[in-house]
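A.B. asks: sequence and predicted structure are below.
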Amino acid sequence: MTLKEGIYDVREAVNALNIDSDFTDRHIVFLMNKYRGVIVRQHLTSNPGEYRNQLMQTLFMEVELVDISQFPEYALLNLTMLATKKAVPNIIGQQMYKEIEVRTIERFGVEIEITHKERLTQVAHAPLGFIFGCRDVDGKLYLTSNSVLHKALTKITVSAILEDPESILDIHDLSTELEVYPITQNLWTPVKEMVVNHLLKELSIPTDTVVNNSDDTLPNGVTEKT
């Protein structure tokens, strides 16, 4: 599904009720992203891994050599350290290091093992040929290896389920609109329902007009969190 198709779908659902509204596309997209997060988190909790590939996006990120003297905890490793030039956007998942896939580009797609920051101290004892990384408090990924494997890297790919699908545009320095919206059709149905209900509430129209609920329960038993 494209982003424009999602916006059109929401507008069609509202217009079908013969309701005059002047919601902007940006407001609709904001709500789409918000409720996509709710539904995707719920789905992954009950169905770990299902639809993961359809929900993931891949970022192409540049990396650069960093001065580890500025990071005492890394300086103890006495290893060359690289970092992404930009912070990795927020992702959906309980444990970041388990929810992200990082690969090299120059070296034939070698996978980079993302781990806890504290575990990087074990890199010196790891087998040669592995690249390890972690996400620090600044949001950037820091990469190192006990060999020269990582030193020539200039770009990596980072695949994850992004909290805000449009954050990929900032990473890639794009001023265009997001084309493919990362959602499956069966997950889009409750997302659209929640977006429409939210818009109706803003217009002070009972949501029972669309969904036959007698309380404030969201579709599929999800309760909206504020």
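C.D. replies: Sure, I can see it.

A.B. asks: show me what the longest strand along the chain is packed up against.
C.D. replies: In the chain, taking DSSP state E as the definition, the longest strand is strand 57-65. Applying 3 or more Cβ pairs under 8 Å, 6 or more residues apart in numbering; DSSP states H and E, we find strand 57-65 packed against strand 81-84, strand 141-144, strand 155-160, helix 167-171. No exception for glycine: its C-beta is placed from N, CA and C like everyone else's.

A.B. asks: excluding its backbone neighbours, what's nearest Ala9?
C.D. replies: Not Ala; residue 9 is Asp. In space, and not counting its chain neighbours, Asp9 is closest to Lys192: 5.8 Å by Cβ to Cβ, 6 or more residues apart in numbering.

A.B. asks: tell me which residues touch that neighbour, please.
C.D. replies: Gly6, Asp9, Val10, Ala13 (Cβ atoms under 8 Å, 6 or more residues apart in numbering).

A.B. asks: and the first one, that's in a helix?
C.D. replies: To tie it back to what came earlier, the one meant is Gly6. Yes: using DSSP: H, G, I helix; E, B strand; the rest coil, the assignment for Gly6 is a helix.

A.B. asks: number of nearby residues for the closest residue to Lys151 other than its chain neighbours?
C.D. replies: Nearest residue to Lys151, sequence neighbours excluded (Cβ to Cβ, 6+ apart): Thr80, at 5.7 Å. Burial of Thr80 is recorded as 16 neighbouring residues (other Cβ atoms under 10 Å).

A.B. asks: just the pLDDT for Thr80.
C.D. replies: As predicted, Thr80 sits at a pLDDT of 81.

A.B. asks: got it, and Leu128?
C.D. replies: 69.

A.B. asks: that older thread, who wins for most neighbours among the contacts of Lys192?
C.D. replies: Per-residue neighbour counts (other Cβ under 10 Å) across these peak at Val10, which has 23 neighbours.

A.B. asks: quick one on the thing from earlier: what average pLDDT does the helix or strand hosting the residue nearest to Asp9 get?
C.D. replies: Using DSSP states H and E, Lys192 sits within helix 185-202. Averaged across helix 185-202, pLDDT comes to 95.
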